[in-house]
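> Turn this into a model:
(one chain, ligands or ions: 1)
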Amino acid sequence: SPFLATAALDMAALADLDRRHLVHPHQRSDRTDRAVIVRGQGCAVWDADGAEYLDATGGANWLCQVGHGRAELAEAAAEQLRQLPYFTSFDVFSNDKSIRLATRLAGLAPAGLGQVFFTCGGSEGVDTAIKAARLYHHRRGESERTWILARRFGYHGATYGSGTATGFDGMQHAVGPNLPHVHKLTPPFPYHSEWFEGRGCTDFLIDELAAAIEQIGAHNIAAMIGEPVMAGGGVVPPPDDYWPRVRALLRHNGILLIADEVVTAFGRTGAWFDSPGRGMDPDMIVTAKGLTSGYAPLGAVLFNEDIAAAVTDDGFFHGYTYFGHPTACAIALANLDLIENEGLLDRSRQIGAWLREGLTAAESLPVVGDIRMAGATIGVELVADRATREPIMAGPAATEIRKAHGVIVRDYGNTVVIAPPLVMDEQQAARTVEAMTSVLTRLHPDGTIAPR
Ligand code: PLP
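As a prediction, this is how the structure comes out:
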């Protein structure tokens, strides 16, 4: 009804229509408590009933680096919409904003990754990278290199390619056949020392990788994909020697390395890109999210020159309608300006330090197994027993933090995640810590939460 476009609808009315007409990502039929968000400014967002929340998760998806409601981005979008909202990049065509953005990204990326392919988000980017890896080897006469190595608990997206590379079984359950030739490795997760048979984490994982290469055959493997720091898997920075040693072993075997920086780039972990600081030296980077701070759907895949040359030689029959979308690219350019001009990479590390220091008291709570961080991104892993590391699912704690304290955090399995806009101030960090600590203090090992 046309009435719907203009009528003032309260939260209950919207939630009811939501139930009737929306199929949500990762939806469960037992969800009855939708929070309908209608406005944002900085780190604050408001729901349809006017209640204010502190958004400690950047749009609840690790991405709103510059904060909500930035007029600069609204103006960049409006100007581009007036000038040229869209034009294709297929055939002979290109547009000025995508050219400028690709050039800008080439300047920010690790040396050598100067060729940019645009997507609408991370999943399409991961699929693009998988296709590019296979095509690269094919064009070089090694067509049998089709296998992709990925890791359990890595999250790479929801399409068939990215979803198969994702290390959560639910993504592949009952929708198969999934993408063939994907092999999962154990992730570098120092806290879970029980996975490493009493050996050092990296030593164990390098031996496991070498054994997988031996078993599958190096000549059959196209690429390995991994997040420099696993995000959805629980905010898990790897040991310092993990990526350099993985990198060396892959290179020795002619296997490409794809860095999934969908979450980690654009200041999320304190740098433009996270992979250089971890010694990852990838052949391709997939990114999205913080590229536009979520103001428009946009992702990018950065290729090195050899890969770009190999896939375009004789044609790369791959691409999306919204490739290099001028409005999305104009927003991205303005977003990168804000990140740079406002010093948000430094700010990210400062926010991380405030949060981490504030959470010191929570470290000794019986339900807190581990606290991990990378820049302004924190994961608190909840356990029923610190000796066995038996998990407590983090959903109820995240809900209590939102409902009782008005702070939005996310739960990923048994980890509570904080990943705020990179404009969070010290007082907002303190409020986040306070909410988190209060709820974790009231959380019992059986998963119940005592009232305040
Ligand atoms: N890769 C990582 C590391 C992600 O966290 C995500 C999404 O959360 C994706 C890829 C998929 O990106 P998208 O949801 O934009 O398709």
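> what's around the nearest residue to Ile130 once chain neighbours are set aside, how many residues?
In this structure, Ile130 finds its nearest non-sequential neighbour in Gly161, 4.9 Å apart by Cβ to Cβ, 6 or more residues apart in numbering. Every residue, glycine included, has its C-beta placed from N, CA and C. Neighbour count of Gly161, defined by other Cβ atoms under 10 Å: 22.
> what about dumping the CA coordinates of the helix or strand hosting Gly161 to CSV?
Counting by DSSP states H and E, the element that carries Gly161 is helix 160-165. Output of helix 160-165 as CSV, limited to C-alpha atoms (Å, rounded to 0.1, in the frame of the first residue of the first chain):
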residue,chain,number,x,y,z
TYR,A,160,28.6,-21.3,-3.3
GLY,A,161,32.2,-20.5,-3.8
SER,A,162,32.7,-18.3,-0.7
GLY,A,163,30.3,-20.4,1.3
THR,A,164,32.1,-23.6,0.6
ALA,A,165,35.4,-22.0,1.6
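> Averaged pLDDT, it. What do you get?
What helix 160-165 shows for mean pLDDT is 98.
> Check which helices and strands it sits against.
Helix 160-165 sits against helix 122-139, with contacts defined as 3 or more Cβ pairs under 8 Å, 6 or more residues apart in numbering; DSSP states H and E.
> next helix or strand past the helix holding Gly161?
strand 182-185.
> Could you list which residues are in contact with His192?
Counting by Cβ atoms under 8 Å, 6 or more residues apart in numbering, His192 makes contact with Arg389.
> Can you report phi and psi for it?
phi -90, psi 60 (degrees, to the nearest 10).
> Endpoint to endpoint, stretch 115-126 covers what distance?
By Cα to Cα, to the nearest Å, the extent of stretch 115-126 from end to end equals 16 Å.
> how far away is Met393 from the ligand?
From Met393 across to the ligand, the span is 19 Å (Cβ to the nearest ligand atom, to the nearest Å).
> do Ser438 as well
Taken as Cβ to the nearest ligand atom, the span from Ser438 to the ligand is 28 Å.
> What does that residue show for phi and psi?
phi -60, psi -50.
> Is it in contact with Ala450, as I believe?
No. Using Cβ atoms under 8 Å as the test, Ser438 is too far from Ala450 to be in contact (10.5 Å).
> So which of those two has more stuff around it?
Ser438 (17 against 10).
> The most centrally placed residue in the chain sits in which helix or strand?
With distances taken as Cα atoms, centre = their mean, the residue of the chain nearest its centroid is Val263 (2.9 Å). Using DSSP H and E, Val263 maps to neither a helix nor a strand.
> how many other residues sit next to Asp446?
7.
> dump the residue contacts of it.
With Cβ under 8 Å, 6+ apart, Asp446 has these contacts: Ala384.
> count of residues packed around Thr448?
10.
> cool, the one 3 residues further on as well?
Using other Cβ under 10 Å, Pro451 has 6 neighbouring residues.
> before we move on, back to that, would you confirm that the residue nearest to the centre of the chain contacts Ala231?
Yes. Taking contacts as Cβ under 8 Å, Val263 lies within contact range of Ala231: 3.9 Å.
> Need the overlap of contacts for these two.
Taking Cβ under 8 Å, 6+ apart as the criterion, Val263 and Ala231 both touch Trp62, Thr377.
> For the longest strand seen in the chain, buried residues please.
For the chain, the longest strand by residue count, based on DSSP state E, is strand 377-385. Using 16 or more other Cβ atoms under 10 Å as the test for burial, strand 377-385 gives Thr377, Ile378, Gly379, Val380, Glu381, Leu382, Val383, Ala384.
> need the residues you listed in a markdown table with distance to His26, can you?
Output for the buried residues of strand 377-385, formatted as a markdown table (distance: Cβ to Cβ, whole Å):
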| residue | distance to His26 |
| --- | --- |
| Thr377 | 20 |
| Ile378 | 22 |
| Gly379 | 19 |
| Val380 | 21 |
| Glu381 | 20 |
| Leu382 | 20 |
| Val383 | 24 |
| Ala384 | 24 |
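> quick one: the residue in the chain that the ligand sits nearest to from Leu382, how far?
The chain approaches the ligand most closely through Gly122 (2.2 Å), counting by Cβ to the nearest ligand atom. As judged by Cβ to Cβ, to the nearest Å, Gly122 and Leu382 stand 26 Å apart.
> ok, now Gly233?
Counting by Cβ to Cβ, the gap from Gly233 to Leu382 is 15 Å.
> Show the pLDDT at the nearest residue to Phe87 once chain neighbours are set aside.
Excluding the flanking residues, the one nearest Phe87 by Cβ to Cβ, 6+ apart is Asn95, at 5.3 Å. Note on Asn95: pLDDT of 98.
> residues in contact with Asn95?
Leu84, Phe87, Ser89, Gly324, Pro326, Cys329 are the contacts of Asn95 under Cβ under 8 Å, 6+ apart.
> Give the ChimeraX command for selecting the buried subset of those.
Selection of buried members from the contacts of Asn95 for ChimeraX, criterion 16+ other Cβ under 10 Å:
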select :89,324,326,329
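> Closest one of the contacts of Asn95 to Glu208?
Gly324 (39.4 Å; Cβ to Cβ).
> follow-up on the earlier one: next one: the residue nearest to Ile130 from Arg452, what distance?
As judged by Cβ to Cβ, Gly161 and Arg452 stand 45 Å apart.
> got it, and Phe323?
50 Å.
> Please name the residues that touch Glu390.
Glu390 touches Val383, Ala384, counting by Cβ under 8 Å, 6+ apart.
> Beta-bridge partners for it, please?
Asp385 (DSSP bridges).
> buried sites along the helix or strand hosting Leu345?
Taking DSSP H and E as the definition, Leu345 sits inside helix 344-358. Burial within helix 344-358, assessed by neighbour count using 16+ other Cβ under 10 Å, is assigned to Leu344, Leu345, Arg347, Ser348, Arg349, Gln350, Ile351, Gly352, Trp354, Leu355, Arg356, Gly358.
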